[in-house]
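Enquirer: Kindly return the folded structure for what I paste below:
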Amino acid sequence: MMMKKITGLLISSLLAAVILGSCGGNTTRETDDTAQAVQVKQNQFENLITYIENSGDLINSKIVPTMIDAEEVYANLNHYPVIDIRRPADYNNGHISGAKNLQMEELIPYFENQIDAPSFSKIVLVCYAGQSSSFATSILRMLGYDNVFAIRWGMSAWDASFAGDRWLSNSTNNFADQLELQPNPKGPANGYPEVMTTKTDGYAILRERAIQLLNNGFEKYSINVNELFETKDNYYIINYWPEDLYSLGHFPGAIQYDPKKSLGRATFLSTLPPDKTIVPYCFTGQHSAFVIAYLNLIGYNAKSLNYGANSFMNGVMMERDPIVYHAFSKTRIHGYPFVVDKSDPAAQKAMPVGEIKTAPAGGC
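Expert: The predicted model follows:
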């Protein structure tokens, strides 16, 4: 009888031990799983920049800026899908026939889920002045959509109705008397910026940052000429022209960097300050919009000068050589037809401004 009791106690003890051990094991596994679920952000600049370099290094290549002239788009409206990224009210007030209106934050979902991008020879983005669409095109190109183009000069080139408060009113000679002739040296070699993320795959890092930039919109990454002149000491200003044109006169304090080849690790990327906002300017603000998309993607703080040098020395550019300097004038406007959404009470077609002539293609 006593033996039966002892045996029963032993069995009960063993069962309790097994149950407790089993519970303890689950707790340990759950703790391990929780620890694995808590991902720590790490600096992935190296992975990101290496991926971009190995994917064509767009900004340091000869093909940039990937822009298309209004003439070609007009001649191929049945073949090129056009995406208009202006505000809906402005789109309704007048847009290219067949154009689809999307906001910047909708671009990546649209390209990933709603359009067979490779089936088209060219996909066209258009905005007000060619700058926002250049910014978005740069990002989409780096994501691998290598048939995306921005319309040069934006809707301002399509018809004068769209140019009045954009290119026509922002092309000025207001600061031409303040041009500087002396060269300014590049900064010393710095460390590169940090790109903090939980992701480790180059494309995944790029896509995450691309979504963030497009959600923020181009305005966050641009600056107007009056603000830049008033606060120029706060910025690292880049003249993104050939050196021979830089030497003839540039924005005060600006430092010359060769277009299409100077912002890689093998050249002068390390001379950019990670702790100061960088403002590159080109002739028109379109090429620099491509550049600042790249710089912000890889961790720098960068803003594009709206309308480029046209915003402060348009008259000088016209006098020297409007083609070489990509100076804007009414001759850049084509007067092509457009569609007005009559269901929108605010949509009214404006009258063209002045005589319309066709100019040779050009512009950064």
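
Enquirer: ok, which stretches of this structure are helices?
Expert: Ranges of helices in the chain, per DSSP state H, are 2-37, 45-54, 70-75, 88-92, 107-113, 131-142, 167-170, 202-216, 225-230, 243-246, 287-297, 310-320.

Enquirer: wait, which of those helices is closest to Pro259?
Expert: helix 287-297 (6.7 Å; CB to CB). To be clear about C-beta, it is placed using only N, CA and C from the backbone, and glycine gets the same treatment.

Enquirer: Can you convert the helices of the chain into TSV and add a column each for mean neighbour count and distance to Lys260?
Expert: Formatted as TSV, the helices of the chain follow (neighbours: other CB atoms under 10 Å; distance: least, CB to CB, whole Å):
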stretch	mean neighbour count	distance to Lys260
helix 2-37	9	44
helix 45-54	17	15
helix 70-75	17	22
helix 88-92	16	32
helix 107-113	15	24
helix 131-142	28	13
helix 167-170	19	24
helix 202-216	18	20
helix 225-230	16	23
helix 243-246	14	13
helix 287-297	27	9
helix 310-320	21	20
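
Enquirer: Using TSV, lay out those together with distance to Leu179 and mean pLDDT.
Expert: Compiled in TSV, the helices of the chain are given as follows (distance: least, CB to CB, whole Å; pLDDT from 0 to 100):
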stretch	distance to Leu179	mean pLDDT
helix 2-37	58	44
helix 45-54	34	98
helix 70-75	31	99
helix 88-92	34	98
helix 107-113	37	99
helix 131-142	22	99
helix 167-170	18	98
helix 202-216	32	99
helix 225-230	12	98
helix 243-246	11	98
helix 287-297	18	99
helix 310-320	6	99
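
Enquirer: Rebuild the ones you listed as TSV, extending it with distance to Pro81.
Expert: Output for those, formatted as TSV (distance: least, CB to CB, whole Å):
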stretch	distance to Pro81
helix 2-37	41
helix 45-54	26
helix 70-75	11
helix 88-92	15
helix 107-113	11
helix 131-142	13
helix 167-170	25
helix 202-216	18
helix 225-230	34
helix 243-246	36
helix 287-297	21
helix 310-320	29
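
Enquirer: mind checking which of the ones you listed is nearest Asn184?
Expert: Closest among the helices of the chain, using CB to CB: helix 243-246, at 9.7 Å.

Enquirer: Going by contacts, tell me the helices and strands next to the closest one.
Expert: Using 3 or more CB pairs under 8 Å, 6 or more residues apart in numbering; DSSP states H and E as the contact test, no helix or strand touches helix 243-246.

Enquirer: sorry, back to before: quick one: which of the helices of the chain is nearest Arg152?
Expert: helix 70-75 (7.1 Å).

Enquirer: mind exporting the closest one as PDB, just the C-alpha atoms?
Expert: The C-alpha trace of helix 70-75 is given here as PDB (Å, rounded to 0.1, in the frame of the first residue of the first chain):
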ATOM      1  CA  ALA A  70       6.500  69.100 -75.600                       C
ATOM      2  CA  GLU A  71       6.700  68.700 -79.400                       C
ATOM      3  CA  GLU A  72       7.500  65.000 -79.100                       C
ATOM      4  CA  VAL A  73       4.800  64.400 -76.600                       C
ATOM      5  CA  TYR A  74       2.200  66.200 -78.700                       C
ATOM      6  CA  ALA A  75       3.200  64.100 -81.700                       C
END
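
Enquirer: Check the offset of that helix from the chain's centre.
Expert: Taking CA atoms, centre = their mean, to the nearest Å, one finds the center of helix 70-75 at 23 Å from the center of the full chain.
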